[in-house]
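Participant: quick one: sequence and predicted model below, then my questions.
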Amino acid sequence: MARVTLTNLVKAYGAHVAVKGINLDIADKSFVALVGPSGCGKSTTLRMIAGLETVSWGEISIAGKVVNEVSSRSRGVAMVFQSYALYPHMSVRSNLSFGLRIAGVAKTEVDRRVAVATEILELGPYMERRPSQLSGGQRQRVAMGRAIVREPQVFLFDEPLSNLDAKLRHQMRVEIKKLHRRLQNTVIYVTHDQVEAMTLADQIVIMRDGLIEQAGTPAEVFQHPANKFVAGFIGAPQMNFFAGTVTEAGQIRLRGLERALDVVPGRFDMPRAGAPVTVGLRPEHIVPQDHGLTPKNPIRFEAEVLLSEALGNETLITSSIGAEEFVTRMLDPRDVADGERMSFALDTDRIHLFDPETERSLRKGSDN
Amino acid sequence: MSAEDLAAIVPAEMGRADRVARRRNARTALAFMVPALVLVLGFLLMPVVMNVWFSFTKWKRFQGFNEWAGIDNYEKLVGSVNFAAAFQNTVIWVVASLILPVVLGLSLALLLRNMRFEETAKTIFFLPRILAPTAVGVIWYYVYAPDGILNNTLSLFGLPDDVGWLYQDNTITYAIIVTFVWQMVGLPMVLLLLGLAALPKDPIEAAKMDGATPFQVFTNITLPLLSPTILIVVILSVLAGFTAFDHIWVMGTSFPGKKSLSLTVYMYYEGFSNNAWGFASAIAVVLGLIVLAITWVQAIVQDRVDRMLK
């Protein structure tokens, strides 16, 4: 059982505090992704779990045992680095077996485990090669193999795919997912790529400035973001935000729209009439007419196309409501001319509301 | 476009422009190289060739050197007791400078690395390096003197205090090597510190995660990755040790068998005290051959290291 628990975890480098007291409970066999922009403390957190950074304050426990003072090698964790961190002077075989050999594992056992990893990762043809003779994807697989042979309780991944090209990244994503299914270890995966986090993890932890902004399943953080930051970070293209005002009738008025937006009764803690709110709408919920599902409670409006980006299967349209730009996706796209006027239907059932001051979600029962 | 189409468009003498350009490039390159070539030919290659020629003559200073000696000088070398002793001492110098600077330099580098006063400590260990070797020789001459600091210190501990460090066959070479290494170790230390700082951090962290103890990390990862720097340090040290002269010259003046302290010293005595320039040239040729052999070994090792890390 490799449950990982972080309690009030702090990492300070002198006056700079990189991780500011986070609490996280990672269930056994789960796949948790730590995401966030650069400098949010996600890698530092991972490195503390790995034992590569000391813990300034708080506690890390793995499988019920506090490991703050335990050396990396005794924590039962294995790590895959962004740079792969292979030993350049060793063959693939030696790279894989190094950890076991120095631990004095019997040769037959070393061979068996290396063979298993080799088979899982299809490294057979490359065993005698040096890392420099491998492609990026192959190196990444060796790095994963090196973690697998140790049969760790917890796998740590530090942005393992960010040095790969887009196609390979997708392929490796699939392999990591399969690997987790097969080995059933606990995985903690650091990435700045929200797509990776969404597709791989059963639990996503979004971090900013050394704090956890929200933790939840991919569906939870996507559908019910706890604050504006999470709403903007998860989902691509990112959520559109508009400044609105609450009307006497409990609707929301956006400058530049004739009709006020209805709000699903009881869903939000509505501020008093006249108060400002931030309205969030995902690109897919502002539907260009005839190019997508028409929402049940639409508000229709016309606006000028400022920019269109054809992606083939869809076209991203940049337009505006009043002075505020938004991006939407046109499914089953046709040719769009810049400057053309287009009709959109805004899905009032799908709006998110945030407090402009605190940026917290106004949805009832949301985390923060 | 098929190959025929291409051939139809491009004239047959397509390569001509390329050839003209290449020739012009070669001429420009030559023009830039001429000054260096003149220096190398005039001050390096010609003296070497002349030296080899002199080694077959009976040239004495202020006398004609056109008197042919055949291989007399070399025959004399083989039979010379001084030469045998000098050769043996030179081997000791080479072996010592193969091992001591790199081992001490690495130990210091590891010790000082990330230490609180790293910069200060580095400066202190590097300081002797900027002194004139002759001055260092003089200072240490007094350290080793019969009633010098060393013997005095030994007597404090009740150890034999009457060692004639610079007057005995079995101590003088080692005593001078200690001085030499003391002065020279700063550079290996600095080079190895730079090498250590330039090592990729990730494989070392990966080894920690792989369960290696600090010592295992050092022997299995750090040392192999550091080997290019180690090799450079060894090459520099060996060549410096091999051609050491100033320290030996200054510290060995009172030693009866001073001629035999090293091949460089032997060569100097034969050439400038004995005026036997032809004979000295023969010693120089032998020295040159040994350096050539060392360089050859070094090239092989270098190649190995390159291939290991490629």
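Facilitator: Good, I have the coordinates.
Participant: measure the residue nearest to residue B:149 when sequence neighbours are not counted to residue A:272 for me?
Facilitator: Spatially, and ignoring its direct neighbours in sequence, residue B:149 is nearest to residue B:143 (5.1 Å; Cβ to Cβ, 6 or more residues apart in numbering or on different chains). Quick note: C-beta positions are derived from backbone N, CA and C, even for glycine. Separation of residue B:143 from residue A:272 (Cβ to Cβ, to the nearest Å): 90 Å.
Participant: what number of residues are in the vicinity of the residue nearest to residue B:149?
Facilitator: Neighbour count for residue B:143, taken as other Cβ atoms under 10 Å in any protein chain shown: 18.
Participant: need phi/psi at it.
Facilitator: Residue B:143 adopts backbone torsions of phi -60, psi -40, taken as degrees, to the nearest 10.
Participant: how about residue A:293, what does it touch?
Facilitator: residue A:287 (Cβ atoms under 8 Å, 6 or more residues apart in numbering or on different chains).
Participant: same check on the one 4 residues further on?
Facilitator: Each residue near residue A:297 by Cβ under 8 Å, 6+ apart is listed here: A:262, A:347-349.
Participant: where does the chain have low pLDDT?
Facilitator: Because you didn't say which chain, this covers chain A. Along chain A, the parts satisfying pLDDT under 70 run over A:1, A:366-368.
Participant: the chain in question should be chain B.
Facilitator: Ranges of chain B meeting pLDDT under 70: B:1-4, B:6-14, B:62-66.
Participant: and residue 26, how many neighbours?
Facilitator: Just going to use chain A. With other Cβ under 10 Å as criterion, residue A:26 counts 22.
Participant: switch to chain B, please.
Facilitator: Neighbours of residue B:26 (other Cβ under 10 Å): 10.
Participant: what about it, which helix or strand?
Facilitator: If you go by DSSP states H and E, residue B:26 is part of helix B:15-40.
Participant: other SSEs contacting the helix or strand that that helix is followed by?
Facilitator: Heading C-terminal from helix B:15-40, the first helix or strand you meet, by DSSP H and E, is helix B:46-54. For helix B:46-54, the packing partners by 3 or more Cβ pairs under 8 Å, 6 or more residues apart in numbering or on different chains; DSSP states H and E come out as helix B:277-309.
Participant: list the buried ones in the helix it packs on?
Facilitator: B:277-287, B:290, B:294, B:298, B:302, B:305 (16 or more other Cβ atoms under 10 Å in any protein chain shown).
Participant: restrict those residues to contacts with chain A.
Facilitator: When contact is defined as Cβ under 8 Å from any Cβ of the partner chain, these do not meet chain A at all.
Participant: for chain A, state which of these is nearest.
Facilitator: The closest of these to chain A turns out to be residue B:305 (Cβ to the nearest Cβ; 9.3 Å).
Participant: next, count neighbours for the closest residue to the closest one other than its chain neighbours.
Facilitator: Closest residue to residue B:305 apart from its sequence neighbours, by Cβ to Cβ, 6+ apart: residue B:227 at 5.0 Å. Around residue B:227 there are 20 other residues, counting by other Cβ under 10 Å.
Participant: swap in the one 10 residues further on?
Facilitator: Neighbourhood size, residue B:237 [other Cβ under 10 Å]: 25.
Participant: mind listing what it touches?
Facilitator: B:97-98, B:100-102, B:184, B:188.
Participant: what kind of secondary structure is it in?
Facilitator: helix (DSSP: H, G, I helix; E, B strand; the rest coil).
Participant: from chain A, how far out is it?
Facilitator: 23 Å (Cβ to the nearest Cβ, to the nearest Å).
Participant: wait, residue B:188 touches residue B:103, no?
Facilitator: No. Between residue B:188 and residue B:103 there is no contact under Cβ atoms under 8 Å: 9.2 Å.
Participant: more neighbours, the two?
Facilitator: residue B:188 (26 against 13).
Participant: for the more buried one, grab phi and psi.
Facilitator: Taking degrees, to the nearest 10 as the convention, residue B:188 sits at phi -50, psi -40.
Participant: now it: closest residue in space that isn't a chain neighbour?
Facilitator: residue B:105 (2.9 Å).
Participant: interface residues of the stretch 201-310 of chain B facing chain A?
Facilitator: B:202-203, B:205-213, B:216, B:220-221, B:224-225, B:308-310.
Participant: any of those buried? List them.
Facilitator: For these, a neighbour count by 16+ other Cβ under 10 Å gives the buried set as B:202-203, B:205-212, B:216, B:220-221, B:224-225.
Participant: where does residue B:138 sit: helix, strand or coil?
Facilitator: Secondary structure of residue B:138, per three-state DSSP, is helix.
Participant: go ahead and confirm it touches residue B:250.
Facilitator: Yes. Residue B:138 is within contact range of residue B:250, at 5.9 Å (criterion: Cβ under 8 Å).
Participant: who has more neighbours, those two?
Facilitator: Between residue B:138 and residue B:250, counting by other Cβ under 10 Å, residue B:250 is the more crowded of the two (19 against 13).
Participant: that's a helix at the more buried one, yeah?
Facilitator: Yes. Assessed by three-state DSSP, residue B:250 belongs to a helix.
Participant: so it touches residue B:137, yeah?
Facilitator: Yes. At 3.0 Å, residue B:250 counts as touching residue B:137 under the criterion of Cβ under 8 Å.
Participant: ends of stretch B:39-47, what's the gap?
Facilitator: Its start and end residues considered, stretch B:39-47 measures 11 Å (Cα to Cα, to the nearest Å).
Participant: please disregard the earlier target; I meant stretch A:309-322.
Facilitator: Start to finish, the residues bounding stretch A:309-322 are 21 Å apart (Cα to Cα).
Participant: other residues contacting it?
Facilitator: A:237, A:242, A:254-257, A:283, A:288, A:301, A:303-308, A:325-333, A:336, A:342, A:344.
Participant: hmm, residue A:200 and residue A:176 touching each other?
Facilitator: Yes. With contact defined as Cβ under 8 Å, residue A:176 counts as touching residue A:200 (6.3 Å).
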